[in-house]
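>>> could you work out the structure for the sequence below:
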Amino acid sequence: METIRKGRLRIRVAVFACVAVVALIVDQLTKLWALDVLGDGRTIPVIPGLLSFTLVRNPGASLGFGSGSTWMISMLAIVACIALIVVSVRTISMAWTTAFAFAFAGAFGNLIDRVVYADGFLNGKVVDFLNCGWSVGNVADVYLVIAGVVIVAMILANVPFSQKDLDEKRGASEKGSAA
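Here you go, the predicted structure:
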């Protein structure tokens, strides 16, 4: 049983790593594209009135909140990335692992910007370019939203996170079928 569990852990770690690396590459390449193509201040309409590409350098978090506390947001991102790795190792679920990998890619993708574009301690600005009219974000932000929605959906659907959760779910279904 322990050998099976270790084998499955290796698979989940590999999936986490692959999803996170590919997602990070896509995020960083799209940001480089935005810096290159939109750096002159132009806006490219994609879906008129709904989506355009506009370069914004965001020192804050979502919707520009916390723009005076960039280093603190960076520290929270570091803690979040570490926590996402820890919970990914602890879960038995590939669905949870994948959702955590996307959340990690989102948090780490924006953290990369805060480090690379810093002129002080973790105070770099995030490259945003997906302009929805009410907010400007990036691919990493999309990953965070998708991961958040999927995680809430899995909680509501009672998708087992741990072996204990799986055993409890099985026990409840066995009691229900015996009645």
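>>> count of neighbours near Val116?
11 (other Cβ atoms under 10 Å). Where you see a C-beta, it was placed from the backbone N, CA and C, and this is true even at glycine.
>>> against Thr70, how distant is the residue lying closest to it once chain neighbours are set aside?
Leaving aside its sequence neighbours, Val116 sits nearest to Gly124 (Cβ to Cβ, 6 or more residues apart in numbering; 6.1 Å). Distance, Gly124 to Thr70, using Cβ to Cβ, to the nearest Å: 7 Å.
>>> who touches both of those two?
Arg114 (Cβ atoms under 8 Å, 6 or more residues apart in numbering).
>>> buried ones in the lengthiest strand in the chain?
What stands out as the longest strand in the chain, according to DSSP state E, is strand 51-58. Within strand 51-58, the residues that count as buried by 16 or more other Cβ atoms under 10 Å are Ser52, Phe53, Thr54, Leu55, Val56, Asn58.
>>> I'd like these laid out as CSV, including pLDDT.
Formatted as CSV, these follow (pLDDT from 0 to 100):
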residue, pLDDT
Ser52, 95
Phe53, 97
Thr54, 96
Leu55, 97
Val56, 93
Asn58, 87
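>>> show me which of the residues you listed is closest to Asn158.
The shortest gap between Asn158 and any of the buried residues of strand 51-58 belongs to Asn58, at 36.2 Å (Cβ to Cβ).
>>> surely the closest one touches Leu130?
No: counting by Cβ atoms under 8 Å, Asn58 sits too far from Leu130 to count as a contact (11.5 Å).
>>> could I get the buried residues of strand 51-58 as CSV with distance to Leu111?
Formatted as CSV, the buried residues of strand 51-58 follow (distance: Cβ to Cβ, whole Å):
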residue, distance to Leu111
Ser52, 26
Phe53, 23
Thr54, 22
Leu55, 19
Val56, 18
Asn58, 13
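>>> can you pull up the most central residue in the protein?
Ala103 (2.2 Å; Cα atoms, centre = their mean).
>>> buried set for the strand or helix carrying Ala105?
Per DSSP states H and E, Ala105 falls inside helix 94-116. Burial within helix 94-116, assessed by neighbour count using 16+ other Cβ under 10 Å, is assigned to 95-114.
>>> looking at the helix or strand containing Arg170 now, give me its mean pLDDT.
In this structure, Arg170 is located in helix 163-178 according to DSSP H and E. The average pLDDT within helix 163-178 is 68.
>>> how about the helix or strand harbouring Arg10: buried residues?
Applying DSSP H and E as the criterion places Arg10 in helix 2-38. Residues of helix 2-38 classed as buried: 9, 12, 16, 19-20, 23-24, 26-28, 30-31, 34, 38 (neighbour count, 16+ other Cβ under 10 Å).
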